[in-house]
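J.: structure for this input, please:
(2 chains)
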Amino acid sequence: METLKNLTQMEEDEQGVVYSIEAGHRLATRLNAMGLHPGVSVRLVCPQPARGPVVIEISGGIRIALGWGMARKVLVKVEGKAE
Amino acid sequence: MKRVLLFGNPNVGKSALFNRLTGANVIVSNYPGTTVDFTKGILSIGDSRITVEDAPGTYSLEPTSVAEEVAVNMLNSLDKDDVVVLVIDSTTLERGLYLALQVLKRRLPSVIALNMADEARHIGVKINIEKLQEILGVPCVPTVATTRVGISELVSALPKAKISTIEFDDSHIWDKVGDITKQVQDITHRHHTVLERLGDATVKPLTGIPFAIIIILFSFIAIRYPAEGLISLIEPLFEKYWASLMLSLSERLGNKGVLHNLLIGEVTKEDLGKLIEENGERFILVGETKRKIDDVTQEALKERAGNFVVEGERLFVKRIAYKESFGVLTTGLYVELCAILPYILAFFLVLSLLEDTGYLPRLAVLIDTLMHRVGLHGMGIVPMILGLGCNVPGMLSLRILESRRERFIAATLLAIGVPCMAQTAMVFGLAGKFGLRALVPIFFSLFIVWITLGVLMNKFMRGESPEILLDVPPYRPPYPNILLKKLWTRTLWFLKGGVIWVLVGIMLANILYTLGVIEFIGNITAPLIVGLLGLPKDSVAAIILGLLRKDVAVGMLLPLEMNITQTIVACVVLTMFFPCIASFVMMLKELGIKDTIKSALIMLVSAFAVGTLLHRILVLAESVFAR
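T.: Residues are numbered from 1 along each chain as shown, chains lettered A, B, ... in the order given. Presented below is the predicted three-dimensional model:
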């Protein structure tokens, strides 16, 4: 079962593949260069409370923290929880 | 080959490589954005000397911060005679290649350094170097900058730098990267390592917040006790050896004169009692009791004859009271070396540990939501923490913040509400004798000021604070040699900057006192200082000369013997008031003149407002308690 969620809707340890990034050119370019681009696999390490940043792991073990507003713009095809 | 530029993503070890290539001591840490400006060094190969440049890290060739702009400009300034060394973190090959491919298209002679090769091997990442070389068409060298592995190979690869002929579609770079990594990289499937699990646990709120509290408490202990231990080692040296040296110097200078006052200041004379002689034996009359000077004392008196003086019939012993004498070689050296240096050493040691392990970015993530209240995002904590040691590196690290608004808020908060080690030492020196009753109100007031100013600036300044976007590096064991070198660099730099300004400050203070300038200004500003703040008139000198260095102010306020209320107000106002001249210059450099003036106005107004308010509150509290 696959569902589309943005990063703020994902739960801890859920993983999936980045589907699209609905951000402006500047942010999209930056996320892209940091390794967050459509097609890359992603696991949600943890969200922070009160609309704080979320921390994700992308392929290759890279951890990135991104603010709530940015996280909302990243859509992920969720594949379930990591074991 | 004229220039060699080290270029790559943030936190891949460019500065560590730079240090290895040039023998320099550039600061290396485990978080993105340690290097914010370029540094040049010299690499000697045989007889030729080549300039090596260390650029700040960048993710792309479209800069999004001041530091990234510096990096891209440096790349743009290269020509065909230069060499660019593309530094890649072997554990994150894909991201490294993404930037490398774009740079290779600039058609400059290039070499690739695959750094952190040991860590990659450790986590099961194998890279086929020959294959990668073949695809990219430039020399590739695996390196481990922290342990010097592959450095000589990298140096010998520099003259063999090649211009790549690689072609790819600019709108599908990631496809090309994926294509290349598939060919050269072999990853053994792995489970998360212990360090990775710890890394994730310390960034999750439930486990991370208690951990952060423990780390902060531990840091306080790890700064305070070693520093106090160090002081108890240094102090006797001053009391025993340096004091007698100073006293004999004082003799040589004839016990008075301009030079004497400048170098040594005032020599304290302690009254031992009246000297009397009866039947050929000598006694000292202390109050009503008559004490015989026995043989042992006679010997001691003879040995240190210069320290004992008879004036009239009274016997005095000369002492150097380091906290009050106010000479360059007495108070100046003592405050620097005995009161501040031990704390600086301990602080930077603990800070370096936090930096090198990779803890700071995790703290930044945890505190992000709170920092937004004062108009900053989580990384704003880095300048603040650095500022607790010294405001100058704090000001420099403002560049990791993206917007001008953030840099202004952070600089202002740093200058007003964050006491540097010298200010903290000043506070302890002045208020320590009152204990927690004074120390708690002082630091609590500063904390409240910091938050209030931040919230106000965030509310009234146009724009909003950008969100955090931060690479959270893996935990890495700190390397002792890197840590010690960093400690040495920062301490040396404190001593160079610090000692000179303290000496200049004390000299100026002496001159201004002699000329009567201080008294003149004191009289003019008396209504403010005495009326509003309730401080003694003479404290104005400390406030003025505190501009040079806060440490100077301690020596000037101590002899005034202020009460607890005055001490609290003086400490808070002095800390909030202008930062020392060195950090002020740095602020001017980072913010520009217009914003610096704005920030200075906020500082002046808030320092006086808070001082006045605090004075009122404390006086009120006093009268309540007295009842």
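J.: helix, strand or coil for B:Ile88?
T.: With DSSP: H, G, I helix; E, B strand; the rest coil as the basis, B:Ile88 sits in strand.
J.: for it, the count of nearby residues, please.
T.: By the measure other C-beta atoms under 10 Å in any protein chain shown, the count of residues near B:Ile88 is 27. C-betas here are computed from N, CA, C, even on glycine.
J.: count the neighbours of the closest residue to it other than its chain neighbours for me.
T.: Closest residue in space to B:Ile88, ignoring its immediate chain neighbours: B:Gly96 at 3.0 Å, by C-beta to C-beta, 6 or more residues apart in numbering or on different chains. Number of residues near B:Gly96 (other C-beta under 10 Å) recorded here: 24.
J.: got a list of contacts for the longest helix along chain A?
T.: Assignment by DSSP state H gives helix A:25-33 as the longest helix of chain A. Here helix A:25-33 makes contact (C-beta atoms under 8 Å, 6 or more residues apart in numbering or on different chains) with A:21, A:23, A:37, A:66, A:70, A:73-74, B:59-60, B:62, B:64, B:95, B:98-99, B:174, B:469.
J.: correct me, but B:Glu119 touches B:Thr91?
T.: Yes - taking C-beta atoms under 8 Å as the contact criterion, B:Glu119 and B:Thr91 are neighbours in contact, 5.4 Å apart.
J.: looking at the two, which is more packed in?
T.: Legend: neighbour count by other C-beta under 10 Å for B:Glu119 and B:Thr91, higher for B:Thr91 (24 against 16).
J.: for that one, what are its contacts?
T.: Counted by C-beta under 8 Å, 6+ apart, B:Thr91 has contacts A:60-61, B:116, B:119-120, B:123, B:125, B:474.
J.: ok, now A:Ala50?
T.: Here A:Ala50 is in contact with B:Thr369 (C-beta under 8 Å, 6+ apart).
J.: can I take it that it is in a helix?
T.: No - read with three-state DSSP, A:Ala50 is coil and lies in no helix.
J.: next, give phi and psi for it.
T.: Backbone torsions of A:Ala50, given as degrees, to the nearest 10, read phi 60, psi 50.
J.: and stretch B:387-402, C-alpha only, in PDB?
T.: Provided in PDB are the C-alpha atoms of stretch B:387-402 (Å, rounded to 0.1, in the frame of the first residue of the first chain):
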ATOM      1  CA  GLY B 387      30.300  34.300  22.200                       C
ATOM      2  CA  LEU B 388      30.300  32.900  25.700                       C
ATOM      3  CA  GLY B 389      34.000  32.300  25.200                       C
ATOM      4  CA  CYS B 390      34.800  35.400  23.200                       C
ATOM      5  CA  ASN B 391      32.500  37.700  21.200                       C
ATOM      6  CA  VAL B 392      35.000  38.000  18.300                       C
ATOM      7  CA  PRO B 393      34.700  34.400  17.000                       C
ATOM      8  CA  GLY B 394      31.000  34.700  17.800                       C
ATOM      9  CA  MET B 395      30.700  37.700  15.500                       C
ATOM     10  CA  LEU B 396      32.600  35.900  12.800                       C
ATOM     11  CA  SER B 397      30.400  32.900  12.900                       C
ATOM     12  CA  LEU B 398      27.300  35.100  12.200                       C
ATOM     13  CA  ARG B 399      27.900  34.200   8.500                       C
ATOM     14  CA  ILE B 400      26.300  30.800   9.000                       C
ATOM     15  CA  LEU B 401      23.000  32.700   9.200                       C
ATOM     16  CA  GLU B 402      21.400  33.400   5.900                       C
END
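J.: grab the nearest non-local neighbour of B:His192.
T.: Using C-beta to C-beta, 6+ apart, the closest residue to B:His192 is B:Asp200 (7.8 Å).
J.: the one you found - that's part of a strand, no?
T.: No - checked against three-state DSSP, B:Asp200 lies outside a strand; its state is helix.
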